[in-house]
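Visitor: sequence first, predicted model second:
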Amino acid sequence: MHIDYRHVMRDPWFVTGLGLALFFGLAALLGPWLAPFDPWDMSFDPISAPTRTHWLGVNDGGQDILSELFHAVRNTVVFGLQSGLVALALGVMIGLAAGWYGGAVDTLLMRVADILLAVPAIMILILAAALFQPEPWVLALMLSGLMWPTIGKAIRAQTLSLRKGLHVRAAAQIGGGGTYILRRHLLPEMFPLYLIGFAGKARMAMFMEASLAFLGLFDPSRKSLGMMISYALQFYYLDVWWNWLLPPVLCLSLLIMGVTFLAVSLEKILDPRLRIGMEART
Amino acid sequence: MKPRGKNWSRGLTGSITAFVLAAVAMVYLSYALPRLLPGDFVSAMYASSQVTLTEDQEAELRAYYTQDSGFPSYLARIVTLDWGYSYAYLTPVSDLFFEALPWTLLLLGSAHLLSMTVGFIAGVEAAWRSGTRTEKGMVAGMTFLEGVPEISTGIVLLFFFALQLNWFPAVGAETAYAGTTGWERILNIMHHLILPLGTLVLAYVPGNFLLTRNSMMMVLHAPFVRTARAKGLPPGRVRYAHAARNALLPLVTRLGLRLAFMITGALVIERIYAYPGLGSLLFSAIQARDLPVIQAVVLVSSLLVLGVILALEGVYRIIDPRIAHAH
């Protein structure tokens, strides 16, 4: 299984997705330095329209909206990357273990996966957030712990088919042990699956972050796209649509679109029989 | 579709076990988590809330959370709908819950039904026209839509159709105090339902469409489809009576796999349109730090989701008899 990268770069969805991802990656990385003001500075005229100094105007708390936006994008992206990476690591390790060792290990892990798939992650996160008000990274880790099963199942299925392969049997014949074969053959061979799984989970995590923030479950001083939308929506009867509500809505849409396009196009390019996509993507 | 025989239930025990375990885990979490909180969380919680409690109420609430009568009696209270008392609404939590539930069921039920139908038919037709310009346009449009989160669709629709064009109401599930009855009331409810429903359908259709199209493309190459065509059956019959039945299976599986996640978007949509379902109830409970309400909504709606997924498993067995024989 491998990706022909020239082929990938010809897919307009992939190129668009990559462009958007790079754009938001950069904005997240440089955000705090690009923001013209301190986003917690409340000394400006509340609810004022865009001006030369405040390109997107000022919110009800007297804070510069553009600066808030930079910090919010950064928080959402960081949350998505953290959660996606940990979910990927968990899914790959558990999937490999279940597929390679089989038997009771496999049964146990896959039962746990089935249970987690049926439980609404958002509900557990809401309960935890409402009770303990944890740091965002704690919620990101909890989310990873809840959303690895789709990746785990896909990796397991692929491990089961790969372990019957000629090269794996040959490696076993020359005396390669389990760990050696896993590390040397199975782990690198499934690389494309990691990309799809990661893109899918990062997308899901960013969507979750925006939703949790929209529902008011994060620390109110933490800037977030969902929270900006929620606050701006309370003033929908004023003229705040274009400068206050639209920017976070647009950023969130483009961000999630970028990741979705990457996931969809990678999936399409890979063998269509590896249909982990539909489950792993969202 | 054959009547369900003995085989229908084969292998189902395993999934029921998984669901019972998941349900027990959820109930236990909701029991154990508040008890893990350090110190006097009642005062701490309500200090940041919009509700002011009297001494008596605070003592009562503290007693409610600290009376450690154990897990069995907690379970008994859940079953008997004794879910505590909301100090923000001054109403028993179960009353609030059952007032909100029908609206959520109406919204989500119709959204899933509609988006599965639309996505399925569009997917079948697209696969049939595979390679044409129409099909490519449909796939591109749906892929684009797949990337747009519900929050954004909801806000855009709210802006254009409720606030600019004034075609649909922006808040609520029916006009308050309108006193309408019968057909008039139903029309009024439909009128309020259209925007939130449209938002969810726009969010759900693309996934259903893309999945149906992909599985249909594979089914269309199967020998039995060629046979059906060779027999000279009308194309509509080949498509739906022969091929599409097989493309229906992944759709049901997908709903089961994703339902738990899809709830997230529905919560947000209810809040955007101030639709008086469980999502709005949960939102205001979070704002007021109304813990008993948060707990009850989280727990009971999770259990409902588990129940629906289990039911889907049964449906899947009915439409795919192979499953029962596979074990």
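Guide: Ah, there it is.

Visitor: residues near residue 91, how many?
Guide: Picking chain A for this. If you count neighbours by other Cβ atoms under 10 Å in any protein chain shown, A:Gly91 ends up with 28. C-beta here means a position set from N, CA and C on the backbone, and glycine is covered the same way.

Visitor: correction: the question concerned chain B.
Guide: Residues within reach of B:Thr91, counting by other Cβ under 10 Å, total 13.

Visitor: and it, how close does it get to chain A?
Guide: Distance of B:Thr91 to chain A, given as Cβ to the nearest Cβ, to the nearest Å: 19 Å.

Visitor: so who does that residue touch?
Guide: Residues in contact with B:Thr91 (Cβ atoms under 8 Å, 6 or more residues apart in numbering or on different chains) are B:Tyr85.

Visitor: just want the residue of chain B that's nearest chain A.
Guide: Across chain B, the shortest distance to chain A (Cβ to the nearest Cβ) belongs to B:Gly147, at 3.3 Å.

Visitor: and the closest residue to that residue other than its chain neighbours, what element?
Guide: Leaving aside its sequence neighbours, B:Gly147 sits nearest to A:Met257 (Cβ to Cβ, 6 or more residues apart in numbering or on different chains; 3.3 Å). Using DSSP states H and E, A:Met257 sits within helix A:246-269.

Visitor: picking that back up, now the residue of chain B closest to chain A: how far from A:Val264?
Guide: Distance, B:Gly147 to A:Val264, using Cβ to Cβ, to the nearest Å: 8 Å.

Visitor: where does the chain dip in pLDDT?
Guide: Assuming you mean chain A. Where chain A drops to pLDDT under 70, the residues are A:1-4, A:45, A:62, A:271-282.

Visitor: please go with chain B instead
Guide: Scanning chain B with the threshold set as pLDDT under 70 gives B:1-11, B:37-52, B:62-69, B:178, B:321, B:323-327.

Visitor: give the contact list for whatever residue of chain A ends up closest to chain B.
Guide: The nearest approach of chain A to chain B comes at A:Met257, 3.3 Å away (Cβ to the nearest Cβ). Counting by Cβ under 8 Å, 6+ apart, A:Met257 touches A:Gly17, A:Leu20, B:Phe144, B:Gly147, B:Val148.

Visitor: try it again at 7 Å.
Guide: By Cβ atoms under 7 Å, 6 or more residues apart in numbering or on different chains, the contact set of A:Met257 is A:Leu20, B:Gly147, B:Val148.

Visitor: how about the residues of the stretch 151-282 of chain A that lie near chain B?
Guide: Residues of the stretch 151-282 of chain A lying close to chain B by Cβ under 7 Å from any Cβ of the partner chain are A:204, A:207-208, A:210-211, A:214-217, A:229, A:233, A:236, A:241, A:245, A:249, A:252-253, A:256-257, A:260-261, A:264, A:278-279, A:282.

Visitor: can you rerun that using 6 Å?
Guide: Contact residues (Cβ under 6 Å from any Cβ of the partner chain) of the stretch 151-282 of chain A with chain B: A:207, A:211, A:214-216, A:249, A:253, A:256-257, A:260, A:264, A:278-279.

Visitor: all strands of the chain, in order?
Guide: Just so you know, I chose chain A. Under the criterion DSSP state E, chain A carries no strands.

Visitor: the intended chain is chain B.
Guide: Assigned by DSSP E, the strands in chain B fall at B:85-86, B:91-92.
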